[in-house]
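Asker: return atomic coordinates for the entry below.
(one chain, ligands or ions: 1)
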Amino acid sequence: MSDVQAAPAETSRGHAAPGDAGRGDAVPPGGWYEGDIERVVVDERRLAERVDELAAALAAEYDDNDSVLLVGVLKGAFVFMADFARALGRHGRHVEIEFMAISSYGQGVTSSGVVRILKDLDRDIAGRHVVVVEDIVDSGLTLSWLLRYLASRSAASVRVVALLRKPEAATVDVDVHYVGFDIPNEFVVGYGLDYAERYREVPYIGVLKPAVYTRS
Ligand code: PRP
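Answerer: Residues are numbered from 1 along each chain as shown. Prediction:
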């Protein structure tokens, strides 16, 4: 991944205002893996605010009688999914929860384009209002594959909510209805996102020091 920076861009619906992502914030001292993280990209406060904004916008799309099924994409989306589901509840929208586990990264830092289903849906989604909950859209390959997969299952509607998106990394055009933050094309961890299964519990989004993943 390159070190190119990009300003947070307009989202598909709603905005992450310029500078909102808190680029360049210092890593909280004494925090999780402090020595491995270069800087904070989105801090805890801004994450909570944005999750609530996204939930409010999505909740307004549905009628009271609509049955909304959240499909979280493991593992990375587990933290966002938990906060997002509760935020939807606060905005009066009741949801049911499903997870899929699909993998494209393995232990590396770039997308391979190879998607493996590690865990499929547990139930039929025909006729359901489905909301795909992703932690990050990078190349877009995973989401593009997932949307094709869901399209074959006759959902009443499919919406996509992604906490993070890297516009500079996109290799396929994929329709993301709600985006939390557009971020630079750098390797980020925290709030569910990992490197080699570590850092998922970090409570903010931070850029990993390249030295961490260039270590042999
Ligand atoms: C990450 C992320 C997305 C996907 C995005 O998953 O959660 O699903 O990569 O990348 P793409 O847009 O380039 O396809 P990953 O395969 O790292 O698995 P994980 O969520 O279990 O960490």
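Asker: if I pick the residue nearest to residue 60 when sequence neighbours are not counted, what's in contact with it?
Answerer: Nearest non-adjacent residue to residue 60, counting by Cβ to Cβ, 6 or more residues apart in numbering: residue 91, 7.9 Å away. Where C-beta positions appear, they are placed from N, C-alpha and C, glycine not excepted. By Cβ atoms under 8 Å, 6 or more residues apart in numbering, the contact list for residue 91 reads 55-56, 59-60.
Asker: over to residue 62?
Answerer: 68, 93, 129.
Asker: likewise residue 88?
Answerer: Applying Cβ under 8 Å, 6+ apart, the residues near residue 88 are 55, 58-59, 68, 70, 94-95.
Asker: please list only the buried members of the contacts of residue 91.
Answerer: Among those, those classed as buried by 16 or more other Cβ atoms under 10 Å are 55-56, 59.
Asker: name the nearest of these relative to residue 38.
Answerer: Taking Cβ to Cβ as the measure, residue 55 is the one of these closest to residue 38, at 29.7 Å.
Asker: returning to that earlier point: out of the contacts of residue 88, which one sits closest to residue 190?
Answerer: Using Cβ to Cβ, these come closest to residue 190 at residue 55, 20.1 Å.
Asker: next one: phi and psi at that closest one?
Answerer: Main-chain dihedrals, residue 55, degrees, to the nearest 10: phi -60, psi -40.
Asker: I'd like the distance between it and residue 98.
Answerer: 18 Å (Cβ to Cβ, to the nearest Å).
Asker: related to what we said a few turns ago, any chance of the buried ones among the contacts of residue 91 in CSV with pLDDT and distance to residue 214 as columns?
Answerer: Shown next, in CSV, are the buried ones among the contacts of residue 91 (pLDDT from 0 to 100; distance: Cβ to Cβ, whole Å):
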residue, pLDDT, distance to residue 214
55, 98, 38
56, 98, 41
59, 96, 43
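Asker: okay if I get the residues you listed as a markdown table plus distance to the ligand?
Answerer: Formatted as a markdown table, the buried ones among the contacts of residue 91 follow (distance: Cβ to the nearest ligand atom, whole Å):
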| residue | distance to the ligand |
| --- | --- |
| 55 | 19 |
| 56 | 24 |
| 59 | 23 |
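Asker: for the residue nearest the centre of the chain, which non-adjacent residue is closest in space?
Answerer: Closest residue to the average C-alpha location of the chain: residue 135 at 1.5 Å, with Cα atoms, centre = their mean. The shortest distance from residue 135 to any non-neighbouring residue, by Cβ to Cβ, 6+ apart, is to residue 76 (3.7 Å).
Asker: how about residue 170?
Answerer: residue 140 (5.0 Å).
Asker: just give me the neighbour total for the one you found.
Answerer: 22 (other Cβ atoms under 10 Å).
Asker: go on, residue 164?
Answerer: Other residues close to residue 164 by other Cβ under 10 Å number 24.
Asker: so what pLDDT did it get?
Answerer: Here, the pLDDT recorded for residue 164 equals 98.
Asker: go ahead and confirm it touches residue 178.
Answerer: No - look at residue 164 against residue 178 with Cβ atoms under 8 Å: they stay out of range, at 11.7 Å.
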